[in-house]
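> Everything below, folded, please.
(chains A and B)
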There are 2 protein chains.
Amino acid sequence: MLDFDGWVCPAPLRDYPNIVMGHGGGGKLSAELIENLFLPAFQSATLAQLGDSAVVEVGGVRLAFSTDSFVVRPLFFPGGNIGDLAVNGTVNDIAMSGAQPLYMSAGFILEEGVPISQLAAIAQSMGVAARAAGVSLVTGDTKVVDRGHGDGVYITTSGFGVVPAGLRIGPDQARPGDVVIVSGDIGVHGMAILSVREGLEFGAPLETDCAPLNGLVAAMLARSQAIHVLRDPTRGGVASTLNEIAVASRVGVRIVERDLPIPPAVRAACEILGLDPLYVANEGKLLAFVARDEAEAVLEAMRAHPLGRSAAIIGEVSAEHPGMVVARTSIGGTRVVDTQVGEQLPRIC
Amino acid sequence: MLDFDGWVCPAPLRDYPNIVMGHGGGGKLSAELIENLFLPAFQSATLAQLGDSAVVEVGGVRLAFSTDSFVVRPLFFPGGNIGDLAVNGTVNDIAMSGAQPLYMSAGFILEEGVPISQLAAIAQSMGVAARAAGVSLVTGDTKVVDRGHGDGVYITTSGFGVVPAGLRIGPDQARPGDVVIVSGDIGVHGMAILSVREGLEFGAPLETDCAPLNGLVAAMLARSQAIHVLRDPTRGGVASTLNEIAVASRVGVRIVERDLPIPPAVRAACEILGLDPLYVANEGKLLAFVARDEAEAVLEAMRAHPLGRSAAIIGEVSAEHPGMVVARTSIGGTRVVDTQVGEQLPRIC
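Below you'll find the predicted structure:
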C-alpha cells in the first residue's frame, strides 16, 4: 500500500495515508513520522538522537545546530509576533544543549500581497530579539508564493553555537534521583495565541511568554554542572516533553500536579475550553533535570534571573516505570500523563 | 507612508507597498528588499556582505553558513524534485565559498492532505542527494498548515562547512584581468521546470541540471588557489549573478554572447517564449572568476570532472564601467546586460 517508487509505507504510518495537522503537532504522530519516514531516508546517527539541537564536531569544536519552521497564526499576537518567536525558538533549541547561540539564518516564504510594512515590523522584531539574545542574523533567503498559495509569512530559522567542553546535556541523560524543575508558569504562550485567535477573553489578558533562554541557562551552568537535561516544552507542552525525556533516558518521571505553576488565567481558560495546561505550548520556559544534591543551588540561580523568578520543583526521576510519566493528582491519586497523539492547538508556533 | 509602529518605508521600496512575486525572484526587487528592509532590521555586517553563504569564525575555524527556502512548482519535475533541489541548493551555496559542506538541517512546511508516499519520495531523494554530496542531514523540523493554506511541500535547508585556511573567495574578490568561466550549459533548470509546468514540448526533453557542485569546486581548488569568485547562477540566471559580482567587486564584466554554452533545446524554447537564456535559472552550474594565468589550468581541471565537461571561458573582468555587465553580441555590437528587475519565471526553486 502507499507505494511510490518502490517505497512501502511502514506499518505505524498506515493509519494516515495523507498528512494531517497532528503530524506537525510535536506529539505522537510527529514522532512516528520522524522515526518511520525521515530517519530511514536521511540515515543520520546524529538526527536519530532527536535532541532539540544536533551536536556535531567541527575542527575540534562541538557545535549545537538547530532549525525550526514557524507558521503561527495570527502573525501578530499579544506580546509578540512570528518574528521574535522565530528567533527565540531557535535560540532556545540551541541553549537546551548548554550552548550559547552565535549565528542564525532566516528563510522567508512570503505570500504575494503581504504589506511591506508588516514584513518590516516582523524583521525589526527579529533584529531586536537577536540582539537581546546575543546572536547575529548572518544569512537568509526570501521566496514569494502566489496569492492564495502561502499564508502571509512563514519563517524558518537555523542557528548554531558552541557547546562548552565537558558538558553533556541531552534528553537521554536523565538519571533516577534527578529533580525536575520548571523555570516558570506553564501554558501561557498557547493560551495567549488561542485567546486572540478565537476572540476569547479570560479576564486578565494573556501575553506570550516568548523569550530567549540562553541567559538563564548560562546562569544555571555557572552555578552547577550537574544539569543532565534541558528542554523547552513548546508544542505538546510539558507533558509531551517529559514523555520524550522519559523514553530517551529510559527512566520514569513523577510529577506532582499541585506543584505545577499554572497562572489563574491559564487555568480558567483551559477549564472553559476543556484543555489540559500540561499539553499547552510554552515559548519562554524550560524544564531542567538536575542531580538532587545540586537542585536547590540551581533553583536559587534560576530565581535570581528575570526569566526564572517563578522556577519550581515539579517532580523527580525514578527507576520504576521507565518511559512513562505519572502525576500525583490534587486529590491524592496517580494518573498516567501520556504523550499527545495529535495536535491540541494547531499552529501555535 | 506605509507606517507601522513608527517604521517609515524607505524610498526604494515605495513603488510596491505589498509583496509581489519579483521580491522573491533574486533580481533587483529582491536586492532592494534585502538592502532597505532586512539589513537595517538585522544590523549584521556579515549579512551585508551578501555572499551565497555567510563566512563566520567559531573557535578559530571559519565556517560557511547558508540557508535557502524552496517553493518550486511542481514538486516533481524532469530529473528531480523539491527534495534533491533543496539539498543541492544549500550544498552549492556553501561550496561557493570554497568550503566542503558537512552538516545540514531541513525544515518542512507541509500542507494538510499531502500523500505520505509523496513526502517519503521527497525525503528519500534528500537522503540520496546528501550522501552523494557527503553531507549529513542532522536536524530538522516539521510543521503542518491547514489544507488550502500551504502549497504541498515547502522545504528550507541550512548548512555549514569549513572554509580552508587562507582561502578568500567571495563576490567582492573579482579583479580586472580575471577570466570568467562557466562550468557548463546554461538555462537548463529553468526551462525544464517551465516545460513541465506549461505542458510544453521542445523536441528533446529537458531535465534539470540540479547537482552538488562541491566535488567540482574541490577539483578546481586542488589545481589552483587563484580562484577569486565562485557563484552558482540560480534565480535571475547568469546575467543577474554577473551583475551582483560586478557591483560587489566594483569592476566591469564583459562577456561574449557566442561563447555562452546554450543547448539547442534551451535556445529554441527561449525563442518561442521570448525569454533570454542569460536570465534563466541554473541549479548545477557555477561561474568562476580566475586569475588569467591560471585560467587554462582551472578550465582543464573542470573539464576532467563530470560536472564541468562543457566548461567554457565566457568573458573577462575590466577596470572600465565598474558595476556593469556588457555583452558582445553575435553581430559584433555591444549591449548592456542589466540585472533582472522582477521575476521572469516564478517559483523555479
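
> Any idea how many residues pack against the residue of the stretch 51-200 of chain A found nearest chain B?
At 3.1 Å from chain B, residue A:144 is the closest residue in the stretch 51-200 of chain A, using C-beta to the nearest C-beta. For glycine as for every other residue, the C-beta is placed from the backbone atoms N, C-alpha and C. Residue A:144 has 28 neighbours, counted by other C-beta atoms under 10 Å in any protein chain shown.

> what do you get for residue A:146?
For residue A:146, the count of nearby residues is 15 (other C-beta under 10 Å).

> how close does residue A:105 get to residue A:160?
Computed as C-beta to C-beta, to the nearest Å, the residue A:105 to residue A:160 distance reads 10 Å.

> My error: substitute residue A:270 in the last question.
The gap separating residue A:270 from residue A:160 is 36 Å, by C-beta to C-beta.

> Looking at the two, which has the bigger crowd around it?
The residue with more neighbours, out of residue A:270 and residue A:160, is residue A:160; 33 against 21, by other C-beta under 10 Å.

> name the element the more buried one belongs to?
Residue A:160 is located in strand A:153-162, with elements delineated by DSSP states H and E.

> So what does the closest residue to chain B within the stretch 201-349 of chain A look like in phi/psi?
Residue nearest to chain B within the stretch 201-349 of chain A: residue A:347 (6.8 Å; C-beta to the nearest C-beta). Main-chain torsions, residue A:347, degrees, to the nearest 10: phi 60, psi 50.

> Next, the contact list for it, please.
Shown in contact with residue A:347 (C-beta atoms under 8 Å, 6 or more residues apart in numbering or on different chains): A:71-73, B:143, B:145-146.

> Cross these against helices and list the overlap.
Judged by DSSP state H, helices contain none of those.

> which pair in those residues spans the largest distance?
A:72 and B:146 (12.8 Å; C-beta to C-beta).

> longest single helix anywhere in chain A?
Max-length helix for chain A by DSSP H is helix A:116-133.

> Just the buried residues out of the contacts of residue A:347, in ChimeraX syntax.
Command for ChimeraX that selects the buried part of the contacts of residue A:347, burial taken from 16 or more other C-beta atoms under 10 Å in any protein chain shown:
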select /A:71,72,73 /B:143,145
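
> Out of the contacts of residue A:347, which comes closest to residue B:114?
Nearest to residue B:114, judged by C-beta to C-beta, of those is residue B:145 at 10.4 Å.

> so that closest one sits right up against residue B:113, yeah?
No. Assessed by C-beta atoms under 8 Å, residue B:145 is found out of contact with residue B:113, at 10.5 Å.

> can you dump the C-alpha coordinates of stretch A:122-133 into PDB?
Coordinates of the C-alpha atoms in stretch A:122-133 are reproduced here as PDB (Å, rounded to 0.1, in the frame of the first residue of the first chain):
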ATOM      1  CA  ILE A 122       8.400  41.400  11.700                       C
ATOM      2  CA  ALA A 123      12.000  41.800  10.600                       C
ATOM      3  CA  GLN A 124      12.600  44.600  13.100                       C
ATOM      4  CA  SER A 125      11.300  42.300  15.900                       C
ATOM      5  CA  MET A 126      13.700  39.600  14.700                       C
ATOM      6  CA  GLY A 127      16.600  42.100  14.900                       C
ATOM      7  CA  VAL A 128      15.600  43.200  18.400                       C
ATOM      8  CA  ALA A 129      15.200  39.600  19.600                       C
ATOM      9  CA  ALA A 130      18.600  38.500  18.000                       C
ATOM     10  CA  ARG A 131      20.400  41.400  19.700                       C
ATOM     11  CA  ALA A 132      18.700  40.600  23.000                       C
ATOM     12  CA  ALA A 133      19.900  37.000  22.800                       C
END
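
> tell me the mean pLDDT for it?
Averaged over stretch A:122-133, pLDDT sits at 98.

> any weak-confidence spans in chain A?
A:1-5, A:202-204, A:343 (pLDDT under 70).

> all strands of the stretch 201-349 of chain A, in order?
A:227-231, A:252-256, A:287-290, A:312-318, A:325-328, A:334-336 (DSSP state E, counting those that start in this stretch).

> Around chain B, which positions in the stretch 151-300 of chain A sit nearby?
Residues of the stretch 151-300 of chain A found near chain B (C-beta under 8 Å from any C-beta of the partner chain) are A:151, A:154, A:156, A:158, A:160, A:162.

> so the third one makes contact with residue A:106?
Spelled out, that is residue A:156. Yes. Under the criterion of C-beta under 8 Å, residue A:156 makes contact with residue A:106 at 7.3 Å.

> hey, what's in contact with both of the two?
Going by C-beta under 8 Å, 6+ apart, residues that sit against residue A:156 and also against residue A:106 are A:86, B:67.

> The two: which has the busier surroundings?
A count of neighbours by other C-beta under 10 Å puts residue A:156 above the other of residue A:156 and residue A:106, at 33 against 30.

> Quick check: nearest residue in space to that one, chain neighbours excluded?
Spatial nearest neighbour of residue A:156, excluding adjacent residues (C-beta to C-beta, 6 or more residues apart in numbering or on different chains): residue B:156 at 3.6 Å.

> So what pairs up with that neighbour in the strands?
Residue B:156 has these beta-bridge partners by DSSP bridges: residue B:69, residue B:107.

> Overlap of the contact sets of residue A:105 and residue A:160?
residue B:65.

> Report the secondary structure state of residue A:102.
strand (DSSP: H, G, I helix; E, B strand; the rest coil).

> which residues touch it?
Contacts of residue A:102 by C-beta under 8 Å, 6+ apart are A:135-136, A:159-162, B:56, B:58.

> Residue A:23 now?
Contacts of residue A:23 (C-beta under 8 Å, 6+ apart): A:16, A:29-30, A:33, B:110, B:142, B:144.

> Mind doing that once more with 10 Å?
Residue A:23 makes contacts with A:13, A:16, A:29-34, A:37, A:342-343, B:108, B:110, B:112, B:114, B:116, B:119, B:142-144, as judged by C-beta atoms under 10 Å, 6 or more residues apart in numbering or on different chains.

> And the helices in the stretch 151-300 of chain A?
A:188-198, A:214-223, A:237-249, A:264-273, A:292-303 (DSSP state H, counting those that start in this stretch).

> Provide the backbone phi and psi angles at residue A:91.
In terms of degrees, to the nearest 10, the main-chain angles of residue A:91 are phi -50, psi -50.

> Quickly note the distance from it to residue B:254.
46 Å.
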